[in-house]
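Undergrad: Have a look at this fold, sequence not included:
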């Protein structure tokens with residue numbers, strides 16, 4: 001197995017419970033190293049700004065011309081953007097698993113996770129993208145759903 005196609009268990013996580021979370025979210029056999037990039041999110045955002053239009057053209061040419069998230073009743077296929085399946089950064093694990101308190105007057109610290117690899121991207125309308133924000137999603141059969149605060153996936157110890 002090449003470095004580009006490592007099993008999820010071969011990825012170096014900052015916290016061991018992060019691996020458990022992602023195995024629960026994505027499945028144990030997923031070959032998903034392409035979707036992870038633990039570098040600082042500001043660098044990844046700059047890189048994404050440079051490749052976004054190129055990737056969008058490739059997705060459209062492949063027939064991906066509708067919102068793939070479909071999170072809202074008001075979802076439409078206008079104003080399409082790219083969205084990260086695993087967010088570039090999120091504070092959800094620090095909030096839900098580690099239950100870290102926010103520093104006084106600030107938000108809980110974010111961790112950097114997702115990559116700009118096309119395998120970590122999907123087409124979304126701006127409404128669904130704005131609704132998802134930096135939260136994690138999973139498939140429920142054929143549909144994407146946001147992993148909410150009551151989901152058993154957060155019960156990692």
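TA: Perfect, I can see it now. Quick caveat, the model's predicted, so the values are computed rather than measured. Residues are numbered from 1 along each chain as shown.

Undergrad: give me every residue that touches the residue nearest the centre of the chain.
TA: Nearest to the geometric centre of the chain sits residue 86, at 1.4 Å (Cα atoms, centre = their mean). Contact partners of residue 86, counting by Cβ atoms under 8 Å, 6 or more residues apart in numbering, are 22, 35, 36, 113, 114, 115, 120, 136. (C-beta placed from N, C-alpha, C; glycine too.)

Undergrad: looking at it, the second one is touching residue 118, isn't it?
TA: No. Contact criterion Cβ atoms under 8 Å: residue 35 and residue 118 do not qualify, at 9.8 Å.

Undergrad: who's more crowded, those two?
TA: Between residue 35 and residue 118, counted using other Cβ atoms under 10 Å, the more crowded position is residue 35 (23 against 16).

Undergrad: Leaving out sequence neighbours, find the closest residue to that one.
TA: residue 120 (3.8 Å; Cβ to Cβ, 6 or more residues apart in numbering).

Undergrad: any chance you could map the strands in this structure?
TA: In the chain, the segments counted as strands under DSSP state E are 80-84, 89-90, 111-112, 121-125, 137-140, 143-146.

Undergrad: Of those strands, flag the one that's most buried.
TA: Of the strands of the chain, the one with the most neighbours on average (mean count of other Cβ atoms under 10 Å) is strand 121-125, at a mean of 23.

Undergrad: where are the low-confidence patches of this protein?
TA: Within the chain, the stretches with pLDDT under 70 are 1-10, 28-33, 157.

Undergrad: Would you mind finding the longest helix in it?
TA: The single longest helix within the chain, with elements called by DSSP state H, is helix 41-61.

Undergrad: Quick one: list the elements packing against it.
TA: strand 80-84, strand 121-125 (3 or more Cβ pairs under 8 Å, 6 or more residues apart in numbering; DSSP states H and E).

Undergrad: Need these in CSV (columns: distance to residue 27).
TA: CSV is the format used below for those (distance: least, Cβ to Cβ, whole Å):
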stretch, distance to residue 27
strand 80-84, 18
strand 121-125, 17
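
Undergrad: Quick check: buried residues in the longest helix of the chain?
TA: Under the neighbour-count criterion of 16 or more other Cβ atoms under 10 Å, helix 41-61 has 41, 44, 48, 55, 56, 59 buried.

Undergrad: and the residues you listed as a markdown table, adding distance to residue 150?
TA: What follows is these, written out as a markdown table (distance: Cβ to Cβ, whole Å):
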| residue | distance to residue 150 |
| --- | --- |
| 41 | 27 |
| 44 | 30 |
| 48 | 31 |
| 55 | 34 |
| 56 | 34 |
| 59 | 33 |
